[in-house]
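Undergrad: here is the input, now give the coordinates:
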Amino acid sequence: MAGATLRLPSLPAPAAISKNGGNGGGGGRRSRVLVLGGTGRVGGSTATALSELSPDLQIVVAGRNRERGAALVSKLGENSEFIEVNIDNPSMLEAALKDVDLVVHAAGPFQRKEECTVLEAALSTKTAYVDVCDDTDYSLRAKNYHEEAVAAGIPAITTAGIYPGVSNIMAAELVRYVKSENGEPERLRFFYYTAGSGGAGPTILATSLLLLGEDVIAYNKGEKIKLKPYSGALNIDFGKGVRKRDVYLLNLPEVRSTHEILGVPTVSARFGTAPFFWNWGMKAFADFLPADILRDKGKVQQLVQLIDPLVRAVDGIAGERISIRVDLECSNGRNTVGLFTHKSLSVSVGYSTAAFALALLEGSTQHGVWFPEEPQGIAIEARKVLLERAAKGTINFVMNKPPWMVETNPKEIGLGIYV
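TA: Next up, the predicted model:
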């Protein structure tokens, strides 16, 4: 499936994207970007980041809440507008896409979605596409549209938010670094932390609960294995601003995609939150709630409505700090780390998603449906630029460093050697 389109040779980058003869970076009419889910935390943050990073963009905020949409547009200014869109209404969706150059799909959660309706509409209207999918099944379903996207002349990237998304690019860059030094990647581990819900609201909470209903897929020396969700706790040092936190296994799409695309034989992903009792609660849900309930989106949404007020109250105390740590271990004994920490998930996810959107508008993505980490010249050409944009406002962002250089309390084993 995903493996069918991997490791293609580099191709010349297409011209910057714009319908009707314009372009994304200068002459002709200004590019128009439609942000679906624009009245939510992730979509609203993405629209705000796009407006800041590229003030000339025309931004169309789409959602079902006119009051919220009007409030956001008033902040974004004259280059923005709001339209009411229900993504489950195909005719309304296609009408919204006909006059835009790129659609950013931030209307999650993506778990339990059986159809890629927005991607299908993007192909029908020949509109470039980015989504913030964080569900393995949905991302692989999107990948099935690769040949259709090639035929339609459309570039599309799935799982292009902060994690997965920026985390995948970090992993790809670490693999590139070690291979340039004749190293061979052996084990890749993703570690994620957010304080509370990260300020991202009920959608993130629903996503987390739905993931508890899925077996965790990981890879061990090339072998695919299934593990229990929210098991395998590790205490990971996220460096300054976060320090050590407990993280637990979750089923996340970057595990499979980076295993297949980057060729790393052992891959896993873990997530943790704060305060500590939220981790206990998540583990209790995974251990004691029937899987059928956790796989039922309707029942999960009802559960979210019950606990969301408490989560928001605690968020006010815990904050919404977010940290990504990507660890790569190599055959030559070298270990290297990427670290990305921001004080606000709801702000940082906007910059991260906007960075992917701008990469597509600037013409660095080939036609087809891609994961972020696919080869340079295929998905994202200017990875360094993307990471710089995504890292705006971070309190700690480092790449390709040994663990002791990023951790808060490294251990010295003598002669100035740290582990």
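
Undergrad: and Gly319, how many neighbours does it have?
TA: 16 (other CB atoms under 10 Å). In this view, the C-beta of every residue, glycine as well, is placed from N, C-alpha and C.

Undergrad: and if you look at Phe277?
TA: Phe277 has 11 nearby residues by other CB under 10 Å.

Undergrad: would it count as being in a helix?
TA: Yes: counting by DSSP: H, G, I helix; E, B strand; the rest coil, Phe277 is part of a helix.

Undergrad: how far away is it from Ala284?
TA: 10 Å (CB to CB, to the nearest Å).

Undergrad: what do you get for Ala121?
TA: Following CB to CB, the distance that separates Ala121 from Ala284 is 40 Å.

Undergrad: between the two, point out the one with more neighbours.
TA: The residue with more neighbours, out of Ala121 and Ala284, is Ala121; 24 against 13, by other CB under 10 Å.

Undergrad: part of a strand, is that one?
TA: No: going by three-state DSSP, the assignment for Ala121 is helix, not a strand.

Undergrad: pretty sure it sits against Met92.
TA: No: at 9.7 Å, Ala121 and Met92 do not qualify as touching, with contact defined as CB atoms under 8 Å.

Undergrad: then whichever strand or helix holds Val255 to PDB, C-alphas only?
TA: If you go by DSSP states H and E, Val255 is part of helix 253-262. Taking Å, rounded to 0.1, in the frame of the first residue of the first chain, the C-alpha atoms of helix 253-262 are listed here in PDB:
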ATOM      1  CA  PRO A 253       0.700   6.500  11.800                       C
ATOM      2  CA  GLU A 254       4.300   7.700  11.800                       C
ATOM      3  CA  VAL A 255       5.400   4.300  13.100                       C
ATOM      4  CA  ARG A 256       4.400   2.500   9.900                       C
ATOM      5  CA  SER A 257       5.200   5.200   7.500                       C
ATOM      6  CA  THR A 258       8.700   5.900   8.800                       C
ATOM      7  CA  HIS A 259       9.500   2.200   9.100                       C
ATOM      8  CA  GLU A 260       8.600   1.700   5.400                       C
ATOM      9  CA  ILE A 261       9.900   5.000   3.900                       C
ATOM     10  CA  LEU A 262      13.000   5.500   6.000                       C
END
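
Undergrad: so which elements touch the helix or strand that that helix is followed by?
TA: The helix or strand immediately downstream of helix 253-262 is strand 266-274, counting by DSSP H and E. Contacts defined by 3 or more CB pairs under 8 Å, 6 or more residues apart in numbering; DSSP states H and E place strand 266-274 against strand 185-195, strand 216-220, strand 234-237, strand 244-249, helix 253-262, helix 276-288.

Undergrad: give me the contacts around strand 266-274.
TA: 186-197, 208, 216, 218-222, 232, 234, 236, 245-250, 252, 254-256, 258-259, 279, 282, 318 (CB atoms under 8 Å, 6 or more residues apart in numbering).

Undergrad: all strands for the stretch 251-400 of the chain, in order.
TA: 266-274, 322-330, 335-342, 368-370, 396-401 (DSSP state E, counting those that start in this stretch).
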